[in-house]
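Engineer: next come a sequence and a model predicted from it.
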Amino acid sequence: MTDSAELERGYRRWLAWYPRTFQREHEAEILTVLMAAAREGQRRPEAMECLNLMSSALSMRVRPRVPRSDRSVFRAIKLMYLGALVELAAAIIVLATIGEIKSKVVMSSPGLTEGEWHAIVVGQLAPTEVGAILGVGFWLWIAWSIGRGHRWPRIVFAIFFALNIFGLLNGLVHGSAVYARPDLAIGTLLCLVELAAVAVIFRAKIVPAQSGTSRTIAES
Amino acid sequence: MQEATFLILTALAAGSQHGYGIISDVAQISDQRVRLRAGTLYSALDRLRIDGLISVDREEIAENRLRRYYRLTPEGFEQLATEAARVQSNAATAIARLGMTKGMAG
């Protein structure tokens, strides 16, 4: 195998990090640039080149693919990122206030045994924590989907919002939401962010992301 | 607007160019200070194309390799002109104030 062929094969391996549609459309021209910029006798991609290709490919996978002029869509995406942040804060606050929660539970049920407390942790607090972590992923997934020009996240997010409101109201009725003030505050803030997100996401003018370039090939 | 984006649009202001041509031109415009890597270039070109500031002009095969030429769209031309005017105005203010400072010090 010649140096050039070996180098090209090396570059192709790194270009595989790009999204499939982008790779299909641009691999040949990026290879042209990489090969033109390569040093005489170079056999392998340099570490910085690999890092640059990988980071560009990963950023292309996650960043929005809608025009920046679609401000309403970008506003919705930013709100989704904020929601993910608040959701993460909620998970941390529940963990940080676990002592306060326990003392409130003991006050309402003085004869609480360690076994019963353990059952509350396993049955209520652990699912809340897992739910919050999954929630962070959900917000980011919705942000990604909106950035890809999908409209279905609007309905999915509205259902998520309804479920969360139901959860908060249920917690208020049964008292679990008011065990610790910070938990109630972050839960309320989360619902407000969700409410704002529902309003913004339904007003956003989401247009399906387009890809593709003209196909005017001329031999030179 | 990021400097790399500004320089890429500036490179295309004189006419359509292919990827390697843009890299070379950007290096020349910036006095070899900005040397774009292929990943950075195509990430920026993709973003600019989505934003409607550039479009594909044509493609050609040279020495069995694909060359895709990009050009500024009217929106790209307008945005570059706006940004260039803004940079020029800021630079003029900075130069004037530096001159004033020199005068006061002297």
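Structural biologist: The structure has been received and is ready for your questions. Numbering: from 1, shown residues only, chains lettered A, B, ... in the order given.
Engineer: okay, now the residue in chain B positioned nearest to chain A: neighbour count?
Structural biologist: Among the residues of chain B, B:Gly39 lies nearest to chain A; the distance is 3.4 Å by C-beta to the nearest C-beta. The C-beta positions use only the backbone N, C-alpha and C, and glycine is treated the same way. By the criterion of other C-beta atoms under 10 Å in any protein chain shown, B:Gly39 has 27 neighbours.
Engineer: my read: it touches A:Ala57, true?
Structural biologist: Yes. Contact criterion C-beta atoms under 8 Å: B:Gly39 and A:Ala57 qualify, at 7.2 Å.
Engineer: is the helix of greatest length in chain A up against chain B anywhere?
Structural biologist: The longest helix of chain A (DSSP state H) is helix A:71-96. No. Looking at helix A:71-96 against chain B by C-beta under 8 Å from any C-beta of the partner chain, there are no contacts, and the closest approach is 11.5 Å.
Engineer: what's the first helix or strand after that helix?
Structural biologist: Moving toward the C-terminus from helix A:71-96, the next helix or strand (DSSP states H and E) is helix A:98-108.
Engineer: mind exporting the C-alpha coordinates of stretch A:82-96 to PDB?
Structural biologist: Extracted C-alpha coordinates of stretch A:82-96, given in PDB (Å, rounded to 0.1, in the frame of the first residue of the first chain):
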ATOM      1  CA  LEU A  82     -32.500  25.600  30.800                       C
ATOM      2  CA  GLY A  83     -35.000  22.900  31.700                       C
ATOM      3  CA  ALA A  84     -32.300  20.200  31.700                       C
ATOM      4  CA  LEU A  85     -30.300  22.400  34.100                       C
ATOM      5  CA  VAL A  86     -33.200  22.900  36.400                       C
ATOM      6  CA  GLU A  87     -34.000  19.200  36.300                       C
ATOM      7  CA  LEU A  88     -30.400  18.400  37.300                       C
ATOM      8  CA  ALA A  89     -30.600  21.000  40.100                       C
ATOM      9  CA  ALA A  90     -33.800  19.300  41.300                       C
ATOM     10  CA  ALA A  91     -32.000  15.900  41.500                       C
ATOM     11  CA  ILE A  92     -29.100  17.400  43.400                       C
ATOM     12  CA  ILE A  93     -31.400  19.400  45.800                       C
ATOM     13  CA  VAL A  94     -33.400  16.200  46.700                       C
ATOM     14  CA  LEU A  95     -30.200  14.500  47.500                       C
ATOM     15  CA  ALA A  96     -28.900  17.400  49.500                       C
END
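Engineer: what lies in contact with that stretch?
Structural biologist: Outside of stretch A:82-96, the residues within contact range by C-beta atoms under 8 Å, 6 or more residues apart in numbering or on different chains are A:101, A:125, A:128-129, A:132-133, A:135-136, A:139-140, A:143, A:182-183, A:186-187, A:189-190, A:193-194, A:197.
Engineer: thank you, goodbye.
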